[in-house]
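Student: Build me a model from this:
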Amino acid sequence: MLTPEKLHQDVKEYNDESFKLIEKNPWLIPASVALLTFPIAVSIHGFWKNAILKKKLKIEREKTKQLKLENKLH
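Tutor: As a prediction, this is how the structure comes out:
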């Protein structure tokens, strides 16, 4: 089992390596942000589209109910 000191040391080494990588390749920052932003944008778009389609479905169901009521009355 890792002791807190060993765990802290491992995390510090990992962070140092990460910072060195970013210092050598600064273009990784916008590229990684773009890679993280794309799935979020797709998810938001899908949620929005789904909400619109649910509303359209409710409208169509209500139209169908109204047509059935009209046919029963005539």
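
Student: what's the distance between the residue positioned nearest the centre of the chain and residue 34?
Tutor: With distances taken as C-alpha atoms, centre = their mean, the residue of the chain nearest its centroid is residue 40 (3.3 Å). Separation of residue 40 from residue 34 (C-beta to C-beta, to the nearest Å) stands at 11 Å. In short, each C-beta sits where N, CA and C put it, glycine included.

Student: again, but for residue 70
Tutor: Residue 70 is 54 Å from residue 34, by C-beta to C-beta.

Student: what does residue 59 give?
Tutor: Residue 59 is 37 Å from residue 34, by C-beta to C-beta.

Student: cool, and residue 19?
Tutor: In terms of C-beta to C-beta, residue 19 sits 20 Å off from residue 34.

Student: tell me which strands and helices the longest helix that the chain contains is in contact with?
Tutor: For the chain, the longest helix by residue count, based on DSSP state H, is helix 28-73. For helix 28-73, the packing partners by 3 or more C-beta pairs under 8 Å, 6 or more residues apart in numbering; DSSP states H and E come out as helix 4-24.
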